[in-house]
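> sequence first, then the predicted structure, then my questions.
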Amino acid sequence: MITRVNPGLKKDLVEFGLQDWNDCFHCGNCTALCPLTRNDNLFPRKGIRLAQMGLSEKLATNVDPWLCYYCGECSDSCPRGAQPGELMMVLRRWLTATYDWTGLSRKFYTRKSWEFSAIGIIAAVIIAIFVFLLPPANDLASNPEAYLNDQGGVMINSMVTGIDSEHFMDYIHTGDLIMALIIAGFLISNILNMFLKVIINDKTVRIPFRSYFTEFWRLIFNFGTQARFSKCDNKSYWVGHLLLMTGYTILFTMIVAFLPKFQIEEITPWYNWQRILGYYATFGLMYFLIYTTIGRIRKSDQKMRFSHPSDWIFIVLLGLTTISGILVHIFRLTGLPAMTYYTYVIHLAILVPMILIEVPFSKWSHLAYRPFAIYFDHLKKAARKKAAKVQFAAA
Amino acid sequence: MTEKERIGIIFCDPPGGHERVDLTELIYFARDKLKIPVIIEQSRYLFSDYRVLVETIVHHKLSKVVLSGVNPDRFLNITRTAMLESGYAARSVVIADFGDGYEALKSDLGGLKNSVEQVIANLRAEKKTFQTLNPDTIVIGGGIAGIQASLEIAKAGLKVHLVEKSGTIGGHMAMFDKTFPTLDCAACILTPKMVEVGQNPNIDLLTYAEIVSVSGDPGNYIVTVNKKARMVDLDTCIGCGTCSEKCPAKVTSEFDTGTTLRKAIYMPFPQAVPNKYLIDAENCRFVQEEKCGVCVKVCPVENCINFDEKDELIEIPVGHIILATGFKVFDATKAAQYGYGEIPNVLTSLEFERLINAGGPTGGFIVSRTQDKKGNWIFKEGSPEPKKIGIIHCVGSRDENFNTHCSKVCCMYSLKLAHLVKEKLPDAEVYEYYIDMRAFGKGYEEFYNRIKEEGINIIRGRTAQVTQSNGEILMRSENIIEACIEEQLVDMVVLSVGLEPGNENKQMAEMLGIELDQNGWFKESHSAYLPVDTQSPGIRIAGVCQGPKDIPDTVAQASAAAAGVIQNILSGRVFSSSTQSPHKTKLETVS
């Protein structure tokens, strides 16, 4: 087997936020301390070693960075201050870019100008659609009473001109579906690329066909519960992350699948399921946002000491989306149709670029890569188990 | 000395690049009005070569030097050193400066003129002539370094004051069982030297005493020592131990690192020098509450125990100071991941050293700590022997969270401890976890190979955590060579704690006017060829207080420090070796 060394790997990783790796003297303290590491997946030290030796092909086959949830204990207790936890984070960014066949992810991670331009262009497109195709009704500001329903709330689907109320909702719903299809297309193709790199390119294992099905539950289970995260010593990280993940998933599903159920003219009572779920999701997002923003500014927590631009862009976009969403809701309830319209446009102009860029190409792609990494890892484990059995039987 | 005093004045040139200042008026003033015999008006050549400076001082027989001109304080240190080397006191260099600096000086010489006049008048008014070098030496610290340095100087026929803060000399080495790599018994090497110190008439031994202040110049220091109240008369105590037997107050023994108890009136260990008892005032019931005094009643010698004795300040005039203050061991409770202080059978290496020592708590039997009736965890002869022992290297060393330096001795003493375990408990399993094996000395690598062959498991990988698990102790590490997680259950864990600079180093450095390095050890003039010299030519350092080192290196350094001191005393001048040039250039005249 040929092992190729990539001498440019360090330079490459520096672009993804690597501080320094020369500090490591390979004592293994980080690995021994990690509550998640197992003999099959020794990290973080093994990752440092592979990176130091420039073995980028082996790194691309290795799913270990996705199995780490960055509790920061390894960095805290590292006798050399080598930040092994941060290296895992850098490798996750690098892997995201490696799995992405379009090359956009690498550009977004390494060039701020690319990321900002992309966000700006998509936002501009959204605003242009509203300005030219869906402008506000002429008397929206001068005669707000005409747009209020019996309960005094804004009739949200009537606030644009040119089309009737049902069609406006349909346009938005169709747009949501198109957005979902685009990101699904990119994500699925990237995951296939990941499968190629992690499973197919790894010639040391042969996956038994059955295990693709028998191990599949792990993918769903880990996506839904983030159970692995709960094994870290600090459980509060897991709780915060679970709130974010469930909140985000609920909102995303509601927007894509159930928009006709809640973007309606009437104001539903607060105890309706749409509103309860929406409030829960908003709470989850806000909790996470406040916790993370304070943490990243204070840098008191090892996990949040180093902030790559992509970390901040993620927080800012999500924060603005959440706040504008809350404002739309408030203006709608208090009967301010013009304000509702403008915040609605701003909400979409932030939300759409965030989802289109962050989910397939940047930080948010981990929502798919993490459970898939666990799935692939168990496929490999099953393969090794079978190989060992065969060997044992032969002996 | 009876030689007539000669004053010289050196006018310093401005720093390079600056225009010269016309000092002609001042020079005429100094020559004609002040009648100064030697006036040097061009200093550039003088200070560019240290030898020229010394030769100038010797040639003109200058006993006092006044530095004046532009920013003369630049040359104060080099001139002082040169004066010392020429046989004069450092304080014979005086600065006559005018505070307003270079620009003011160019326009007006009046201020500087007044200043020079004042300084010269003060110098002439001083009755005292320069002092001769004091041939006595003080050695601070009575460990192996202090003992060795004292003996070297004393054997040369010179007087030494050896100051030790505890009740006995011996230091850390007295606590060790064996020395690596030869496995000699530490006490067998040390105790004869200790006895020699006690018997040598040239050594004035001051135990239970601490340095309070130091004043004076190299060659002539006054050291103030606080002789703490021992309350037992050193001359009359016969060391019978009756007092200690009857004393009711029990406290943990410092010498046995807390593994045994001692009385409030005690001898630190049986081979202590001086072999006399002392009273620990803090724990003595009579001193604290005036309720006891049984020791006075049972003492067979009259007036030997005296509770009225107070701390006493004494001033010792000396010419040189040798610092041999040693180290303190790393406080293992700081490394919380190893559970020291919470898990009873996690010990520091120094505690384990006492445990395997025949003079230790169990008479040399390795046993686990067990609970007594009161619930205290103690070592008791007859307790179960540990079957598996883990040793963790680099505890508190090479760690950014604690000390970044390598303590140098831990690898070797850990190997030695592993060997001693195997020697006493052949069936016990020993697991050693290390980061890098630093077997740096002569015969050390061979020693390491020998230990490996003795069936000791030596594993590369730093232990990350030590936890209790069902009465056993669980050590978790990564085995770097085998690439796997090692979870090892053991009965006892030994933490190879590193060496740290002593708490009083900072205060001591300020007192003596010498520097500390970034880790807090005393700084040597040059790490390669002046390892025992400091910035001050009268002060030398020896042993671990300069940086972690093993016993052979400590002894070698102590002898080296003593050699420098003896050289100075015999030549009658205080040399700073850093300024001695190998080739002596003879210069006839300097203008």
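Nice, thanks for sending it over. None of these values were measured; they are calculated from a predicted model.

> SS state for the single nearest residue of chain B relative to chain A?
The nearest approach of chain B to chain A comes at B:Glu478, 3.0 Å away (CB to the nearest CB). Where you see a C-beta, it was placed from the backbone N, CA and C, and this is true even at glycine. With DSSP: H, G, I helix; E, B strand; the rest coil as the basis, B:Glu478 sits in strand.

> count of residues packed around the closest residue in space to it that isn't next to it in sequence?
Once flanking residues are discounted, B:Glu478 sits nearest to A:Gly28: 3.0 Å by CB to CB, 6 or more residues apart in numbering or on different chains. Other residues near A:Gly28 number 26, with proximity taken as other CB atoms under 10 Å in any protein chain shown.

> tell me the contacts of A:Gly28?
A:Arg45, B:Arg460, B:Gly461, B:Arg462, B:Ala464, B:Ser477, B:Glu478, B:Asn479, B:Ile480 (CB atoms under 8 Å, 6 or more residues apart in numbering or on different chains).

> please name the bridge partners of B:His320.
B:Thr137 (DSSP bridges).

> just give the number of residues close to it.
Counted with other CB under 10 Å, B:His320 comes out at 30.

> show me what contacts it?
Residues near B:His320 by CB under 8 Å, 6+ apart: B:Thr137, B:Ile138, B:Pro218, B:Gly219, B:Tyr221, B:Gly538, B:Ile539, B:Arg540, B:Val565, B:Asn568, B:Ile569, B:Val574.

> how about 6 Å then?
Counting by CB atoms under 6 Å, 6 or more residues apart in numbering or on different chains, B:His320 touches B:Thr137, B:Gly538, B:Val565.

> how close does the first one sit to B:Val197?
Taking CB to CB, to the nearest Å as the measure, B:Thr137 falls 14 Å from B:Val197.

> re the thing from before, of the contacts of A:Gly28, closest to A:Gln83?
A:Arg45 (12.5 Å; CB to CB).

> wait, the closest one touches A:Leu33, no?
No. Using CB atoms under 6 Å, A:Arg45 makes no contact with A:Leu33, being 10.4 Å away.

> quick one: find the helix or strand in the chain with the lowest mean pLDDT.
Chain wasn't specified; assuming chain A. helix A:235-262 (a mean of 88; mean pLDDT, DSSP states H and E).

> not what I meant, chain B
Going by mean pLDDT, DSSP H and E, chain B bottoms out at helix B:101-107, a mean of 73.

> ok, the closest residue to chain B within the stretch 1-150 of chain A to A:Leu379 distance?
Nearest residue of the stretch 1-150 of chain A to chain B: A:Gly28, at 3.0 Å (CB to the nearest CB). Using CB to CB, one obtains 27 Å as the distance from A:Gly28 to A:Leu379.

> kindly report the same for B:Ala229.
77 Å.

> ok so, going back, give the other helices and strands that the least confident helix or strand of chain A contacts.
The contact analysis (3 or more CB pairs under 6 Å, 6 or more residues apart in numbering or on different chains; DSSP states H and E) places helix A:235-262 against helix A:165-195, helix A:273-298.

> ok, back up a step: so which one of the contacts of B:His320 is the model least confident about?
Lowest in pLDDT among the contacts of B:His320 is B:Gly538, which has 89.

> phi and psi next, for B:Leu530.
Backbone torsions of B:Leu530, given as degrees, to the nearest 10, read phi -130, psi 60.

> now do the longest helix along chain B: which elements does it pack against?
For chain B, the helix with the greatest residue count under DSSP state H is helix B:551-571. For helix B:551-571, the packing partners by 3+ CB pairs under 6 Å, 6+ apart come out as helix B:144-155.

> what angle separates the helix it packs on from helix B:551-571?
30 degrees (axes from the mean of the first three to the mean of the last three CA atoms, to 10 degrees).

> which residues sit against helix B:144-155?
So helix B:144-155 is in contact with B:137, B:139, B:160, B:162, B:173, B:193, B:197, B:200, B:202-203, B:322, B:324, B:542-543, B:554-555, B:558-559, B:561-562, going by CB under 6 Å, 6+ apart.

> and B:Pro582, what pLDDT?
Value for B:Pro582, per-residue pLDDT: 34.

> outline the domain layout of chain A.
If you go by automatic domain parsing, the domain ranges for chain A are A:9-99, A:104-381.

> just those domains: most buried one?
domain A:9-99 (a mean of 21; mean count of other CB atoms under 10 Å in any protein chain shown).

> now the residue of the stretch 101-250 of chain A found nearest chain B: closest residue in space that isn't a chain neighbour?
Nearest residue of the stretch 101-250 of chain A to chain B, counting by CB to the nearest CB: A:Asp233, 10.8 Å away. Spatial nearest neighbour of A:Asp233, chain neighbours left out: A:Pro35 (5.8 Å); criterion: CB to CB, 6+ apart.

> near B:Ile7, how many other residues are there?
Neighbour tally, B:Ile7, other CB under 10 Å: 22.

> quick one, phi/psi of it?
phi -100, psi 130.

> ok, now which ones touch the closest residue to it other than its chain neighbours?
Take B:Ile7 and drop its neighbours on the chain: the residue closest to it by CB to CB, 6+ apart is B:Lys64, 4.6 Å away. Contact analysis of B:Lys64 by CB under 6 Å, 6+ apart lists B:Ile7, B:Ser92, B:Leu123.

> repeat the analysis, applying 10 Å as the threshold.
By CB atoms under 10 Å, 6 or more residues apart in numbering or on different chains, the contact list for B:Lys64 reads B:5-9, B:36, B:83, B:88-89, B:91-94, B:119-120, B:123-124, B:126, B:129-130.

> ok, now A:Ser158?
Counting by CB under 10 Å, 6+ apart, A:Ser158 touches A:Ala137, A:Leu140, A:Ala146, A:Tyr147, A:Leu148, A:Asn149, A:Asp164, A:Ser165, A:Phe168, A:Glu265, A:Pro337.

> same thing with B:Leu420?
B:Asp177, B:Lys178, B:Leu183, B:Phe352, B:Glu353, B:Ile356, B:Asn357, B:Gly364, B:Ile366, B:Val430.

> and after the helix or strand containing the last one, which helix or strand comes next?
This points to B:Val430. Taking DSSP states H and E as the definition, B:Val430 sits inside strand B:429-434. Towards the C-terminus, the helix or strand next in line after strand B:429-434, according to DSSP H and E, is helix B:444-453.

> pull up the pairing partners for whichever helix or strand comes after that following helix, direction included.
The helix or strand immediately downstream of helix B:444-453 is strand B:457-460, counting by DSSP H and E. In the sheet, strand B:457-460 lines up against strand B:429-434 (parallel) (DSSP bridges).

> could you check the angle helix B:444-453 makes with the strand it pairs with?
140 degrees.

> let's verify B:Val66: helix, strand, or coil?
Once three-state DSSP is applied, B:Val66 turns out strand.
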